[in-house]
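Asker: Need a 3D model of the sequence below.
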Amino acid sequence: MSVLFVTGTGTEVGKTVVTSAIAALAGGSVAVLKPGQTGVGPDEPGDTAEVVRLAGGLTTQQPATQRSATRQLTIQELARYPEPLAPDTAARRAGLPQIGPKQVAEAVAELAQRHDLVLVEGAGGLLVRYDDEGHTLADMALATADLGLPVQVLVVATAGLGTLNTTALTAEALRARGLPLLGIVVGCWPRDPDLASRCNLADLPAVAGAPLLGALPQGAATTGGAPFLAVARAGLAPALGGQWDAAAFAAAQQRN
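Answerer: Below you'll find the model as predicted:
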C-alpha cells in the first residue's frame, strides 16, 4: 500500500491526466481522492469523472456498485464548489464547509485499508489554500504521514519556458516541509516542442532534485480505455508503472 499526492506547478498543467495514467497502469486496487473540486456544479462531471473516462478497463466503484476481483478503481470527492477559484475562496463565497488536513488524512487512511494505491489529486499548485487557516495540500500530505502512512508527492509540470522556476519553488516547498518528492512528470508534451522544452528535459530534474518520470503527449486525453492505457504506458517511467525512458526520450527530442 502506498499514498501518492499529485500536485502541479499551477493550474491546467495536466494533473488529472497524469493521475488517470497512473491509475490505469496500476495493478490491483486503486483509489483516487479529490479533496476539493472547484468550478463545477452539483451535477456536472469533475476531475474524478475524467479519471473514470480515461482509466477505462478498471472497474469504477461507487457505493453499492460491483467490484472486480483483479482490478478496482474507487473514486471519491470530499467537497465541490461551483466557482473556479481557490478552494477556500470558493467555499466561502458559496457558503459551503471548507475542507482541512484532518478530514483528508482520515479519508486517505480509510481508503488505504482497502486499496494497494491511493492517489490524492490537489487543486492547482501545492500551496493553494483550502480553508481560512491557510491549510494546503502539503498540510494534507503531512497529516496523512502523521497517521503512519507512506506518503510521497509527484509534481506535474509544464514543458516550456517558465517551468524551471515554478518547479524549483514547488520542490523547495516540499523539502522545507520534509515531504518526499518522488519525481516530476511533464503533463502535456507539445507536438512541436521548442528549444526551451527540449532543454528542460535535462534541467527539470536538476532544479527539482528528483527524477523526470514521464512526459505525456499533447492530446493524451482524447480517448479513454485501451488507447489511453497505451499512451500512459509509453509516457510514464517504470516507477509509475510504464515503460518511458528519460534518456532515450531526451535523445530522440534532440534529434528532432
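Asker: Mind checking the pLDDT average for stretch 127-138?
Answerer: When pLDDT is averaged over stretch 127-138, the result is 96.
Asker: same check, this time on stretch 77-89
Answerer: The pLDDT scores in stretch 77-89 average 95.
Asker: what residues does it touch?
Answerer: For stretch 77-89, contacts defined as C-beta atoms under 8 Å, 6 or more residues apart in numbering pick out 33-42, 46-48, 90-91, 93-94, 96-99, 103-104, 107, 123-124, 128-132, 134. Just so you know, the C-beta spots here come from the backbone N, C-alpha and C atoms, and that holds for glycine as well.
Asker: Tabulate the CA atom coordinates of it in CSV.
Answerer: Taking C-alpha atoms only, stretch 77-89 is exported to CSV below (Å, rounded to 0.1, in the frame of the first residue of the first chain):
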residue,chain,number,x,y,z
GLU,A,77,-14.6,13.6,-3.9
LEU,A,78,-14.8,15.3,-0.5
ALA,A,79,-16.1,18.7,-1.5
ARG,A,80,-17.1,20.7,-4.6
TYR,A,81,-17.7,24.3,-5.1
PRO,A,82,-19.3,25.9,-8.2
GLU,A,83,-16.9,28.8,-8.8
PRO,A,84,-13.4,28.3,-10.4
LEU,A,85,-11.5,29.8,-7.6
ALA,A,86,-9.1,28.6,-4.9
PRO,A,87,-11.0,26.1,-2.6
ASP,A,88,-11.0,28.4,0.4
THR,A,89,-12.4,31.3,-1.5
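Asker: how much distance is there from that stretch to the middle of the chain?
Answerer: Its chain's average C-alpha position is 17 Å from that of stretch 77-89, according to C-alpha atoms, centre = their mean, to the nearest Å.
Asker: again, but for stretch 167-179
Answerer: With C-alpha atoms, centre = their mean, you get 16 Å for stretch 167-179.
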